[in-house]
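**Q** Predicted model and sequence follow; I will ask about them next.
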Amino acid sequence: MAQMQFDDIKKQNMISVLFSLEYMVDGISKFTDDEFKHHHIRLANRLHHLNQPCTGTVSCSILFKDEQNWCSTCSGWRTTILCSHKNRSVIGRQGSDWSKINSSKWPTDSKEVEKCYNPNWCNSLKGANPNPDDVSVLIGKLINCNDVRALFQNSKVDPDRIRRIRNKIVHNVRDVTNGKKNNTAKICLICYKLPAFGRIKRQKMLMLKLRYLKKKIIST
């Protein structure tokens, strides 16, 4: 009987944690979308002199593995994107596979620029693109883009911490203690209290979810 009760508690904790992560994705997805649009505007203003479209028949990033063959527009955008990339020095030494990104769209499409900051493991997927709303992808982009990462300075929570907690839970989701459950919910709650999430907090649905986190998960 005691074992059954213990298993029931872990099962309930697992459900609570999955709810917490789902709610966090709702907010981070909107936040990421907004902030990378702003990031794209800043890049476009910086690169306003590169007003010629890509000269490749499809896209330099798709056509040419050798970046020396890229047109001036795609090459200029790549260099500027890397300037705000956390791993720019590693990419500079080892190179990167740009073939899953359409560089010809960089001047006009913020989503295509956003892909440049995907976690490294996304490049290893065979014949598939990562789910852009997967929490590990979202967090990875926040970590890799220095401009966006700077919004978390001096806050109580850091994207790296969110990623570590997410990985611990997801990779061992059937063994969730009360401590892990409460910690995950509190991290999600802190995320929404950050100044950078101010616009999202005003959304009625997410506010209801925050109340759920506070009353139904953390308090139990």
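**A** Right, received. Where do you want to start?

**Q** Find the least confident helix or strand in this structure, judged by mean pLDDT.
**A** Least confident helix or strand of the chain, by mean pLDDT, DSSP states H and E, is helix 198-201 with a mean of 54.

**Q** Next up, the contacts around the closest residue to residue 145 other than its chain neighbours.
**A** Spatial nearest neighbour of residue 145, excluding adjacent residues (C-beta to C-beta, 6 or more residues apart in numbering): residue 117 at 4.6 Å. No exception for glycine: its C-beta is placed from N, CA and C like everyone else's. Contacts for residue 117 (C-beta atoms under 8 Å, 6 or more residues apart in numbering) come out as 36, 85, 140-141, 144-145.

**Q** roughly how far apart are residue 117 and residue 69?
**A** Here residue 117 is placed at a distance of 24 Å from residue 69 (C-beta to C-beta, to the nearest Å).

**Q** for stretch 80-100, how far is the first residue from the last?
**A** End-to-end distance of stretch 80-100 (C-alpha to C-alpha, to the nearest Å): 19 Å.

**Q** contacting residues around it?
**A** For stretch 80-100, contacts defined as C-beta under 8 Å, 6+ apart pick out 39, 43, 46-47, 61-62, 65, 67, 78, 106, 113, 115-117, 120, 123, 129, 143-147, 149.

**Q** Can you list the buried residues in that stretch?
**A** 80-81, 84-85, 88, 91, 96, 98 (16 or more other C-beta atoms under 10 Å).

**Q** Also stretch 46-54?
**A** 47, 50, 54.

**Q** next one: phi and psi at the first one?
**A** Read it as residue 47. phi -110, psi 30 (degrees, to the nearest 10).

**Q** Need the nearest residue in space to residue 41, chain neighbours excluded.
**A** Using C-beta to C-beta, 6+ apart and skipping the chain neighbours, the partner closest in space to residue 41 is residue 110 (8.0 Å).

**Q** oh, I was asking about residue 144
**A** Nearest non-adjacent residue to residue 144 (C-beta to C-beta, 6+ apart): residue 117, at 4.1 Å.

**Q** Could you check the pLDDT of residue 64?
**A** What the model reports for residue 64 is a pLDDT of 90.

**Q** Right, I'll call it a day here.
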